[in-house]
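Colleague: What follows is a predicted structure for the sequence shown.
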Amino acid sequence: MGNDVKNAEKKIIPITKPQFDESEEQAVIDVLRSGWVVQGPKVAEFEGLFAEFTGAKNAIAVSSCTTALQLALIAHSIGPGDKVLMPSLTYIATANAVEYVGATPVFVDIDPATLTIDPDDLRACLKANHTSDIKAIIPVSLFGLCSDMPAVNALAQEYNLIVIEDAACGMGAYRENHHAGTEASAAVFSLHPRKAITTGEGGMIITDDDDKADLMRKLRNHGASASDLERHLKEGGSLLPEFNLLGYNYRMTDIQGAIGVEQMKKAKNLFNARRKVAARYDEMLKGIKGIYSPFIPDGFISAYQSYVCYYKFDPQFKSARFDRNQIQVWNKERNQLMAGLESEGITVRQGTHAVHTLGYYRNKYNLTDFDFPFAFIADRLSITLPLYPGMPKDDQKRVVETLKSLL
Ligand SMILES: Cc1ncc(COP(=O)(O)O)c(C=O)c1O
């Protein structure tokens, strides 16, 4: 029997599943029938629900998290000649948005246990290289875990830096009782289908700063002084508004907004369901040699946007000297393990990438793999297991049993 036939017989376990039902279907139909499909009342309603959920004063919906980050940087006057610190372990978009505004990303290593920016490395980087062109820090709440924001904010204050959080994966994540993103000047979220709440594509910016919120609302809409809806509802709507800014078309459509509204109604339940599946993995993976489950520090609640384990590398031994050749050997084994899982119908992914190892950044800034060793190790030795709300226990058992047998 050929592999293709075998695979067709195996039930594929997906890495994630968007949580749509009749409510999203009906909401889309209603928008289509209303005749108003561009950014309008549904986007406004979605923004209101998002602000309420996170506890932020303003929420601004845009076309993606990447465009959200670009607008947040512009609104904080970050541009050519400026440097922005960020962890190397993040999706490439974090660094790309900084490049779009003409600024330079400066990478910092991660804490291998939490996979978020390492405050010690951040402090060391600022101490050794501080110059007045360093303007901001972008901590990343990766895989649904907040960064150590008190430590990041203390350094930001000491060095007079702006903090913009990349909370692409951070919806539903808390540090103490602070929702991800609410301890920064502004934060950006992704609504891509790999995230817990999705509108297909989409992004959201939150900020308590009303002036910056107003500016970002204009920037997403070509710099127009009034939105289409405001103009439509006002007398004199036949005249185009004033344009005093160089803006963009980064708007979200009302079709997406309507999906977002329905997703928000389920948000609490979806996050509880994700945490339940994650807790079951924690139990099932206990005692399996060679696999380290995600570490959640005291006082943090993970949203488990992804359930990311380490292969062979014990992330608690941060100060352990590691053998570079060993990392390469384990990386080959990790890749074989992921291929083995895939061939058994279990969809897995590496966690994310260490951006300093990607061609564009490596070449432009002359970087090498071990410049940020823990980001590199997390790139080479992480495995994301399938997780979505309501994932059947038997499927989780199959993932863990297959993992065991391949190990
Ligand atoms: C940390 C991080 N930042 C930014 C992004 C970009 O998000 P989007 O695809 O919505 O632009 C992602 C997407 O996965 C991400 O994980």
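Modeller: Looks like it arrived, so ask away. In this text the structure is predicted, and so the values were computed from the model without any measurement. Residues are numbered from 1 along each chain as shown.
Colleague: Near the ligand, which residues of the chain? Just list them.
Modeller: Counting by CB under 6 Å from any ligand atom, the chain comes close to the ligand at 64-66, 90-91, 93-94, 140, 166, 168-169, 190, 192, 203. C-beta here means a position set from N, CA and C on the backbone, and glycine is covered the same way.
Colleague: can you do 5 Å?
Modeller: 64-66, 90-91, 93-94, 166, 168, 190, 192 (CB under 5 Å from any ligand atom).
Colleague: mind listing which of these are in strands?
Modeller: 166, 190 (DSSP state E).
Colleague: Now which of the residues of the chain next to the ligand would you call buried?
Modeller: 64-66, 90-91, 93-94, 166, 168, 190, 192 (16 or more other CB atoms under 10 Å).
Colleague: give me every residue that touches Gln305.
Modeller: Residues counted as contacts of Gln305 (CB atoms under 8 Å, 6 or more residues apart in numbering) are 143-144, 169-173, 194-196.
Colleague: Leaving out chain neighbours, which residue sits closest to Tyr100?
Modeller: Excluding its sequence neighbours, the residue lying closest to Tyr100 (CB to CB, 6 or more residues apart in numbering) is Gln70, at 5.1 Å.
Colleague: for that neighbour, helix, strand, or coil?
Modeller: helix (DSSP: H, G, I helix; E, B strand; the rest coil).
Colleague: And for it, the neighbour number?
Modeller: 25 (other CB atoms under 10 Å).
Colleague: Surely it touches Gly102?
Modeller: No. Checked against CB atoms under 8 Å, the pair Gln70 and Gly102 is beyond contact range at 10.9 Å.
Colleague: ok so, going back, and the contacts of Gln305, which is closest to the ligand?
Modeller: Cys169 (5.2 Å; CB to the nearest ligand atom).
Colleague: Ramachandran angles for the residue nearest to the closest one when sequence neighbours are not counted?
Modeller: Nearest residue to Cys169, sequence neighbours excluded (CB to CB, 6+ apart): Gln305, at 3.8 Å. Phi and psi for Gln305, reported as degrees, to the nearest 10, are phi -60, psi -40.
Colleague: the longest helix in this protein is where?
Modeller: The longest helix of the chain (DSSP state H) is helix 254-285.
Colleague: Quick check: buried residues in that one?
Modeller: Neighbour count says helix 254-285 has 254-264, 266-267, 270-271, 273-275, 277-278, 280-281, 284-285 buried, by 16+ other CB under 10 Å.
Colleague: tell me what the helix or strand that it is followed by is packed against?
Modeller: In the C-terminal direction, the helix or strand that comes right after helix 254-285 (DSSP states H and E) is strand 291-292. With contacts taken as 3 or more CB pairs under 8 Å, 6 or more residues apart in numbering; DSSP states H and E, strand 291-292 sits against strand 307-311.
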